[in-house]
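Colleague: What follows is a predicted structure for the sequence shown.
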Amino acid sequence: MKLFVTGGGGFLGLAIVRQLCARGHEVATFSRGKHPALDQLGVTHFQGDLSEYTVLKRAMAGCEGVFHVAAKMGMWGKYEDFYGTNVTGTENVLQACRELGIRNLVFTSSPSVVYDGKDSEGQNESLPYPKKYDAWYPQTKAIAEKRVMAANDASLKTVSLRPHLIWGPEDCQLLPRLFEKAKAGKLRILGNSLNRVDCIYIDNAVKAHLQAFNQLLLDPAPVEGKTYFISQGAPIPIAELINRLLATGEIPPVTKRLPPGIAQLAGRFLETTYRIFGISTEPPITLFLAQQLSTAHWYDISAARRDFGYEVEVSLEEGMERLRAWVLRNYV
């Protein structure tokens with residue numbers, strides 16, 4: 001098949017592209033920048049912004065399925081920038097699917113779309129969207145996820161996946177920032193560090209996306225118009241996860257602690273200050289980040305197991321060994 005991947009040069013997008021190419025598919029990708037790794041794979045890469053509908057539609061022409069992975073991530077920025085990529089961009093992808101007759105789409109969402117700043121342990125996809133969000137990223141991703149689920153019908157089959165804290169070799173997002181902050185002595189453990197969170201190794205996240213797409217092709221009924229949590233299926237204390245990731249780069253563990261209440265107050269204060277003075281750089285801590293670091297948030301993945309056969313292939317231990325080998329070759 002000829003398949004289309006938005007955000008094909010990113011961490012997850014590139015890993016999906018590689019697996020699709022390995023399976024013999026023709027792949028076209030779309031992102032704002034140039035990516036030598038895509039050139040090496042021999043895929044057709046289009047540069048552009050998701051808000052540019054004409055450019056996007058031209059890139060999607062001739063494709064038979066879509067993995068919509070691209071998103072504007074982050075804890076800080078302008079609402080219109082998040083909305084333009086995450087909402088308008090998703091609406092454009094859906095419209096192009098309609099006009100081009102593309103029948104299957106897998107959307108990469110996030111568990112943060114149902115995060116309300118409080119502990120959430122073992123809940124499933126019936127968890128409602130919160131009435132209020134403390135960051136633009138989860139708010140706009142929630143709008144986009146709703147658009148994707150509502151778009152499902154007889155002519156376009158859609159499914160949404162919610163991976164959380166994707167990590168592994170070639171991570172260009174989480175790991176570099178974690179290493180940088182740790183080396184600068186800017187990391188703190190919030191609270192008693194026992195709050196557990198979900199995470200997912202990159203190969204497992206890719207596997208879930210491919211399985212969900214195959215389910216749409218073979219028998220969409222179990223998954224169409226639905227959204228699914230995917231993870232390692234074994235929540236881990238966030239302090240342990242952070243320190244195990246740091247250990248792959250031979251960086252000492254974080255031991256300094258900060259009360260969650262103080263961190264959240266600092267986040268509110270800094271956000272207000274940055275807005276008042278028009279500071280565009282990201283604050284050292286935001287309210288949303290403080291909440292994420294100090295609360296438990298892990299979810300039941302039995303629906304993904306039941307509906308499209310998702311199972312963890314690479315364990316946490318094996319994944320950490322693979323990551324350590326990659327980090328030692330590229331960082332240390």
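Modeller: Yep, that arrived.
Colleague: and the host helix or strand of residue 161, what other elements does it pack with?
Modeller: Using DSSP states H and E, residue 161 maps to strand 157-163. Helices and strands touching strand 157-163, by 3 or more C-beta pairs under 8 Å, 6 or more residues apart in numbering; DSSP states H and E, are strand 104-108, helix 136-151, helix 202-218, strand 226-230. Bear in mind the C-beta positions are built from the backbone N, C-alpha and C, glycine included.
Colleague: Now mean pLDDT and mean neighbour count too, for the ones you listed, in JSON lines please.
Modeller: Output for those, formatted as JSON lines (pLDDT from 0 to 100; neighbours: other C-beta atoms under 10 Å):
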{"stretch": "strand 104-108", "mean pLDDT": "98", "mean neighbour count": "26"}
{"stretch": "helix 136-151", "mean pLDDT": "98", "mean neighbour count": "21"}
{"stretch": "helix 202-218", "mean pLDDT": "98", "mean neighbour count": "21"}
{"stretch": "strand 226-230", "mean pLDDT": "98", "mean neighbour count": "24"}
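Colleague: and of the ones you listed, who's closest to residue 24?
Modeller: helix 202-218 (12.9 Å; C-beta to C-beta).
Colleague: Identify the residues contacting that closest one?
Modeller: 11-12, 15-16, 19-20, 23, 65, 67, 104, 106, 108, 157, 159, 161, 163, 166-171, 222-224, 228, 230, 232, 304, 307-310, 312-314, 319 (C-beta atoms under 8 Å, 6 or more residues apart in numbering).
Colleague: Then stretch 37-47?
Modeller: Stretch 37-47 has contacts (C-beta under 8 Å, 6+ apart) with 8-9, 14, 17-18, 21, 26-35, 55, 58-59.
Colleague: Just the buried ones out of these, please.
Modeller: 8-9, 14, 17-18, 21, 26-31, 35, 55, 59 (16 or more other C-beta atoms under 10 Å).
Colleague: Farthest pair within the residues you listed?
Modeller: 18 and 55 (24.5 Å).
Colleague: ok so, going back, can you flag which of the buried ones among the contacts of stretch 37-47 belong to strands?
Modeller: Under the assignment DSSP state E, the buried ones among the contacts of stretch 37-47 contribute 26, 27, 28, 29, 30, 31 to strands.
Colleague: wait, the fourth one sits on residue 18?
Modeller: Meaning residue 29. No: applying C-beta atoms under 8 Å, one finds residue 29 not in contact with residue 18, separated by 11.2 Å.
Colleague: Show me which residues of stretch 54-69 are buried.
Modeller: Buried-residue list, stretch 54-69, by 16+ other C-beta under 10 Å: 55, 56, 57, 59, 60, 63, 64, 65, 66, 67, 68, 69.
Colleague: Span of stretch 104-112 from start to end?
Modeller: One end of stretch 104-112 sits 24 Å from the other (C-alpha to C-alpha, to the nearest Å).
Colleague: and what of stretch 142-161?
Modeller: 12 Å.
Colleague: Show residues contacting that stretch.
Modeller: 68, 71, 83, 86-87, 89-91, 94, 97-98, 101-109, 113-114, 129, 133, 208-209, 212-213, 215-216, 220, 223-228, 230, 304.
Colleague: Quick one: the helices in the stretch 151-300 of the chain, in order.
Modeller: Using DSSP state H, counting those that start in this stretch, the helices of the stretch 151-300 of the chain run over 174-183, 202-218, 238-247, 260-276, 287-294.
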